[in-house]
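A.B. asks: Show me the folded form of this:
(chains A and B)
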Amino acid sequence: MTLKVEGDPAYGSVSGARFTDVEGSESVPLLTPGPPPPPPARRRAWKPLSREELERCAGGPQWRKFRRRLVLCFWICWMLLLGAAVLIVIRSPRATSPVLHWWQRDLIYRLQPMLFLDADRQQDSRINRVCERLPYLKSVGAGAVILEGLFGNSSSSTNLTEIDQNLGTLPQLTQLITESRKAGVRVILDLCELDLFEQESNNDTAVWSGASESIQYSLRYWLDHGVSGFGICDTDAAFSAKTLMEWNKLMQEFSSQDDERILMVRQTGNTLPVLNVSSFAGSLVELVTKSLIPPSHHPLSTAEVAEAIEVSLQMPQRDWPSWTVGGGVPRELNRAILLLIMTLPGTPIIKYGDELSSAQGWNRLNQPLALFQSLSQSRAREEALHFGRFTFLSFNTSLPSSSGLNTTDTPLLAYLRSWGCVHFLVLFNLGSAPHTMDPDWAPSLPEGGVFVTSTGLDRFGPVSLNTIKMQPHEAIVIKLFESDSSS
Amino acid sequence: MDGTETNRRNCAKSEQQKMLDSRGNQSGSKDRVTLKKEIGLLSACAIIIGNIIGSGIFISPKGVLDHAGSVGFSLIVWVLGGGICALGSLCYAELGVTIPKSGGDYSYVTEIFGGLVGFLLLWSAVLIMYPTTLAVIALTFSNYVLQPAFPNCLPPYIATRLLSTTCVLFLTWVNCSSVRWGTRIQDVFTVGKLLALVLIIVVGMVQIAKGHYDALEPQAAFEFIKDPSVGQIALAFLQASFAYSGWNFLNYVTEEVVEPRKNLPRAIYISIPLVTLVYTLTNIAYFSSMSPQELLESNAVAVTFGEKLLGMFSWVMPISVALSTFGGINGYLFTSSRLCFSGAREGHLPYLLAMIHLKSCTPIPALIVCCTATIVILCIGDTHNLINYVSFINYLSYGVTIAGLLYYRWKKPNMFRPIKVNLLVPCSYLVFWAVLLGFSLYSEPVVCGMGLVIMLTGVPIYFIGVQWKNKPQWIYSAIERVTYLGQKMCYVVFPQDDPSEIQPLTEKSEL
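C.D. replies: The predicted structure is shown next:
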């Protein structure tokens, strides 16, 4: 037996252990030696040092000094090990959570008060009906609501403080804004496609300047009443560097630390038009909302939807993107699209009613869908789903397939959301046939994970990535295990 | 256990032995009577509870839920696990008073089945089981200590290994320097982990009173997330048995219990239902605030529970678990050194391992060997399969020991038995044991087979080292020299001064 060099004999002042209490019967060895002992010349019986012998041999100052040095060596090694561990911990890189603005933390809803048709029968305004829906919006996790279609077609720069009379009265709208702030839901006014800058025939700059001042007066009016921001389209005349700079100053004037006012732009094309002053482009607009699916005149097929999504996802993104569905999708893909919106990086913008995914009537908006709640809770709980890194995964199996197969077999979509060591895998099967995963489709990923949610809400527990079989129109979220974790 | 009184009396005993050398037998008998009065009913309960409750309750709920498949059934597994634990404890109680030797099940198996079977248990325990258990608990300790610095990720690999090594080295030094310090550490950390469990249970009950018990409603509790099978149920029981392990540790101090015939069964009847209740309530508390999905996703159940409910006091949970594992390491070091002592005294291990320090009376060579083996396991690194192996061998040793009880009833029916349990108790335990062991072999054949292979490598070692009587002279000289050197370096001596004790014993040349 080799003794450890760092052996640590010590001089305890307190003695006593039950080893000294050996009963008489215990001292008799259980194994009786079978044969009689061999001749004495062949076998010399030895015995360990007794107490007196040990004190005489090893009790002297030289041995005592040697043992003390052994103890000192032990503690030096111990300190070195502890210091090395602390140093490794300190030098390890750690992912720190970024400080998020409110419009990065919350879900944003798009809502059109005009769609509240049942208000007519009860002699109540549509704006008041929206007001009654505030607790519902809060319960499903909405942090802000974009009111669309508030201003009629007759609105112009001179009467932006007047709203469509079919929706309600101006005091009702200001009351809605006040109640929203109490409920914790912010209000953003949508100004898309309003003819704010009237094109005079003489193109007089004085008229343009007057219109601009009038608009600013109106914006100031709404900001005074607590509106948290405004939204425009990238095709509007207001989408220019000059106008946005003026509006941005106005936003900053009314902003405070916990109450920022924002400007939103809805992007209608594939790319955002470049503003003239490129140095200010990043800070003029807080949110740019992209459509996953472009608007089209005919209903899209599942293959076209998949292609549009893949094109959207592979474009480079800004620092903080924002997503909305955009065009119409087949009804069977509603749940998968909802899961897609909720798991992409950035701020999801949900159209009111989308979370139900089977809207049969506006009168039945009582209970949110379990899928939406599951996604909302997962997003709030997991940092990776909230602001993690996005990695699109491509399937190698789609390369060898022929063009004939491509028209009938919709490929799978997959991407990763990562934050630190936490990874979430999101899988989509937008086709109409079940799809068994190729066992080698993800060689760089861990072996398994645990189901977080799925569009069918029927998958739970651990899962191996090699044995997943996806149902038609299904989407799955899996939290991947650490590569060296043991259950 | 009051270590101070034990130490003081042992010192007095040592003095008496010197002065009353002429009346050796009589003074020995008198000292034994004195030593028996140190552990009463309350102390016995504290020993059982303190050894059972450990890091398992913070780790195993995830595994139990995963294999049981539903909330309700996992709670049933926890309760039945306590029942199996009680059956085993009663069998060990009878063995403890029938064969009054220290060393636990190793001594019983050696006495009943002979040297080879005992040596195989000792070989697998000293070589793999205790070092692996120590390594796993040390890794759990370092993971929880580093958890605040790495909230979302696993800590760096090397940092956890280094921290585990420093923890094992530190506790080895504590146990080498003083028995009292080791005992005090055990007491302090037992209180720590009990407080953590009480906190979990109280907060969980508050949650249930507030109406948060969705996962505990009868129809929701028995919704299975996967179809149950006998194999999965067996694995769930194995996971629970990890949390219940330690119930056999009272046998290491059986002869020190006051009136063992009455107090030993009473201690078992009080302690194990209490532990079962605490464990079940802890799991109910977990489910009151976490859905089964959340519990399965969590790598640290208690930490997730703390983050959800304790708010600004969420740091209490990682610290409590770290303290609990720290105490667990200390307890295992204490126990494994005793096992080395028993093995060396029987001639199955080198003589040096039975020696204790001249002044502090601590088993320094045994502790050094155990510490070295643990560090080797930490360096090897693959603890996942070793955990399964430890559970398998642990369960195997329980069954063999309790089978020995039945064998003894048949071979020596008239032997004096202060405690005699009903025959149904060992038979029931062996039925459960056979089922669990069978399904372990079925579900993890490679791991269990590897465990058996490692155990069977002890057979040639036994015949070469122990049974081989006429070894060459140079082997004896080498053993003598190594033993002398170890004695001088560690300043250790065989516990008894009586010359008749120091008889030449057969030694094995390896290790």
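A.B. asks: tally of neighbours for the residue in the stretch 251-400 of chain B that chain A sits nearest to?
C.D. replies: Closest residue of the stretch 251-400 of chain B to chain A, C-beta to the nearest C-beta: B:Ser360 (3.1 Å). To be clear about C-beta, it is placed using only N, CA and C from the backbone, and glycine gets the same treatment. For B:Ser360, the count of nearby residues is 25 (other C-beta atoms under 10 Å in any protein chain shown).
A.B. asks: sec struct for it, please.
C.D. replies: When classified by DSSP: H, G, I helix; E, B strand; the rest coil, B:Ser360 comes out as coil.
A.B. asks: Isn't it up against B:Asn175?
C.D. replies: No: using C-beta atoms under 8 Å, B:Ser360 is not in contact with B:Asn175, being 10.0 Å away.
A.B. asks: For the stretch 301-450 of chain A, which segments count as helices?
C.D. replies: A:302-314, A:334-343, A:370-381, A:383-387, A:403-408 (DSSP state H, counting those that start in this stretch).
A.B. asks: ok, now the stretch 201-350 of chain B?
C.D. replies: Under DSSP H, counting those that start in this stretch, the stretch 201-350 of chain B gives helices at B:218-221, B:230-244, B:260-289, B:292-297, B:301-309, B:316-345.
A.B. asks: next one: the stretch 1-150 of chain B
C.D. replies: With DSSP H, counting those that start in this stretch as the criterion, the stretch 1-150 of chain B has helices at B:3-19, B:24-35, B:41-52, B:56-68, B:71-98, B:105-113, B:115-124, B:130-146.
A.B. asks: closest to chain A out of those?
C.D. replies: Comparing the helices of the stretch 1-150 of chain B by C-beta to the nearest C-beta, helix B:3-19 comes nearest, at 3.0 Å.
A.B. asks: re earlier: save the helices of the stretch 1-150 of chain B as a markdown table, and put in distance to A:Thr178 and mean neighbour count too.
C.D. replies: Converted to a markdown table, the helices of the stretch 1-150 of chain B look like this (distance: least, C-beta to C-beta, whole Å; neighbours: other C-beta atoms under 10 Å in any protein chain shown):
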| stretch | distance to A:Thr178 | mean neighbour count |
| --- | --- | --- |
| helix B:3-19 | 70 | 16 |
| helix B:24-35 | 81 | 14 |
| helix B:41-52 | 60 | 20 |
| helix B:56-68 | 47 | 24 |
| helix B:71-98 | 45 | 23 |
| helix B:105-113 | 75 | 23 |
| helix B:115-124 | 74 | 23 |
| helix B:130-146 | 49 | 25 |
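A.B. asks: show me where pLDDT drops low in the stretch 251-400 of chain A?
C.D. replies: Within the stretch 251-400 of chain A, the ranges that satisfy pLDDT under 70 run A:257-258, A:270-284, A:290, A:296-298, A:315-319, A:327, A:331, A:352-369, A:381, A:394-400.
A.B. asks: just the strands in it please.
C.D. replies: A:262-266, A:287-293, A:322-326, A:347-351, A:389-393 (DSSP state E, counting those that start in this stretch).
A.B. asks: what packs against the last one?
C.D. replies: In other words, strand A:389-393. Other elements packing on strand A:389-393 under the criterion 3 or more C-beta pairs under 8 Å, 6 or more residues apart in numbering or on different chains; DSSP states H and E are strand A:413-419.
A.B. asks: Report the strands that pair with the strand it packs on, each with its relative direction.
C.D. replies: Strand A:413-419 has the following strand partners under DSSP bridges: strand A:389-393 (antiparallel), strand A:422-429 (antiparallel).
A.B. asks: Run a quick neighbour tally on the closest residue to A:Gly59 other than its chain neighbours.
C.D. replies: Among residues not flanking A:Gly59 along the chain, B:Tyr491 sits closest, at 7.8 Å (C-beta to C-beta, 6 or more residues apart in numbering or on different chains). B:Tyr491 has 24 neighbouring residues, counting by other C-beta under 10 Å.
A.B. asks: Quick check: closest non-adjacent residue to the residue sitting nearest the centre point of chain B.
C.D. replies: Nearest residue to the geometric centre of chain B (C-alpha atoms, centre = their mean): B:Gly246, 4.3 Å. Among residues not flanking B:Gly246 along the chain, B:Asn51 sits closest, at 3.8 Å (C-beta to C-beta, 6+ apart).
A.B. asks: Can you read off the pLDDT for that neighbour?
C.D. replies: What the model reports as pLDDT for B:Asn51 is 73.
A.B. asks: Am I right that it is in contact with B:Asn251?
C.D. replies: No: in this structure B:Asn51 lies outside contact range of B:Asn251 using C-beta under 8 Å: 10.7 Å.
A.B. asks: what's the most buried one of the strands paired with strand A:413-419?
C.D. replies: For the strands paired with strand A:413-419, ranked by mean neighbour count under the definition mean count of other C-beta atoms under 10 Å in any protein chain shown, the leader is strand A:422-429 at a mean of 23.
A.B. asks: angle of that strand against helix A:302-314?
C.D. replies: Taking axes from the mean of the first three to the mean of the last three C-alpha atoms, to 10 degrees, one finds strand A:422-429 and helix A:302-314 inclined to each other by 150 degrees.
A.B. asks: Convert the C-alpha atoms of strand A:422-429 to PDB, please.
C.D. replies: Extracted as PDB, the C-alpha positions of strand A:422-429 are listed here (Å, rounded to 0.1, in the frame of the first residue of the first chain):
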ATOM      1  CA  VAL A 422     -30.100  26.800 -21.800                       C
ATOM      2  CA  HIS A 423     -31.400  25.800 -25.200                       C
ATOM      3  CA  PHE A 424     -34.900  25.500 -26.600                       C
ATOM      4  CA  LEU A 425     -35.600  23.600 -29.800                       C
ATOM      5  CA  VAL A 426     -38.700  24.600 -31.700                       C
ATOM      6  CA  LEU A 427     -39.900  22.200 -34.400                       C
ATOM      7  CA  PHE A 428     -42.600  22.700 -37.000                       C
ATOM      8  CA  ASN A 429     -44.400  20.300 -39.300                       C
END
